[in-house]
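A.B. asks: Please find the sequence and the predicted model below.
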Amino acid sequence: VFLKAAAQGGTMPQLEATQPTGLKILVCGPSASGKTTICRFLSTEVETLVQPSAYIETKGVRILECERNLPGRGNQQCEIWDVSGNSQFESCWPAIMQDVDGVVLVYNPDKDGHDIEIGDWYDYFVKNNDLEPSQCIILAHHPAQSHRGMTRPPPKLKAVKVVDTSYDTAITTVLQQNFDDFLVECHDKKNGR
């Protein structure tokens, strides 16, 4: 139809680019910090946050789609991009970051170096995208059922909300509530509220 109209001297219809209506959320952080398990839980692919029996590295990125019922905003489509923590996939990161609405940083505060490394992830994925601290949330994920208490990331991340998580079922409800509050912030920023 387009070629026929052009060949006959007619005008080509104008196609408008449309913005995706859902939210694009990246989940990033060091390898083996629990990102995939958390993504599967938050996307409702699984009903409980269960420690996997073996570590399986994400290759590049894995995209999960879900719908979340956000307080005062109704049902919201959401893409959760589970980004590999392996630096061998760093060449893919600029493409992955396109049109991102928010970033969830996940790290294991019980692993040496993760607390420092999370600052680098923040610089790359949040600062490079000119996102505000409200468009980021940090999940300090403790694989053990019990952990040492509230975690503090590096001082440069003091403006970002930190939520301690583990496989404890009481904490999973808090995780869902905090994630939905974070999505509301991202939704409102995207829609100019």
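C.D. replies: Structure's in. What do you need? Residues are numbered from 1 along each chain as shown.

A.B. asks: what's the longest helix in the chain?
C.D. replies: The helix of greatest length in the chain, counted in residues with DSSP state H as the criterion, is given as helix 169-190.

A.B. asks: residues of that one that come out buried?
C.D. replies: When neighbours are counted by 16 or more other CB atoms under 10 Å, the buried residues of helix 169-190 are found to be 171-172, 175, 178-180, 182-187, 189-190. For glycine as for every other residue, the C-beta is placed from the backbone atoms N, C-alpha and C.

A.B. asks: what pLDDT, on average, does that helix get?
C.D. replies: Confidence over helix 169-190 (mean pLDDT, whole number) is 89.

A.B. asks: tell me which strands and helices that helix is in contact with?
C.D. replies: Under the contact criterion of 3 or more CB pairs under 8 Å, 6 or more residues apart in numbering; DSSP states H and E, helix 169-190 touches strand 23-28, helix 35-42, strand 61-70, strand 74-83, strand 102-107, strand 136-141, strand 161-165.

A.B. asks: neighbouring contacts of the helix or strand following the fourth one?
C.D. replies: Using DSSP states H and E, the helix or strand that follows strand 74-83 towards the C-terminus is helix 93-96. For helix 93-96, contacts defined as CB atoms under 8 Å, 6 or more residues apart in numbering pick out Leu26, Val61, Trp81, Val83, Tyr124, Phe125.

A.B. asks: what's the spacing between the closest residue to the third one other than its chain neighbours and Leu105?
C.D. replies: Take Trp81 and drop its neighbours on the chain: the residue closest to it by CB to CB, 6 or more residues apart in numbering is Leu26, 4.8 Å away. Relative to Leu105, Leu26 is positioned 9 Å away (CB to CB, to the nearest Å).

A.B. asks: again, but for Asp164
C.D. replies: 13 Å.

A.B. asks: for Gly85, same thing?
C.D. replies: Taking CB to CB as the measure, Gly85 and Leu105 are separated by 11 Å.

A.B. asks: what touches both of these two?
C.D. replies: Here Gly85 and Leu105 share the contacting residues Cys28, Gly29, scored by CB under 8 Å, 6+ apart.

A.B. asks: Do me a favour and get the end-to-end distance for stretch 86-96?
C.D. replies: Across stretch 86-96, the terminal residues are separated by 14 Å (CA to CA, to the nearest Å).

A.B. asks: repeat for stretch 157-177
C.D. replies: Its start and end residues considered, stretch 157-177 measures 21 Å (CA to CA).
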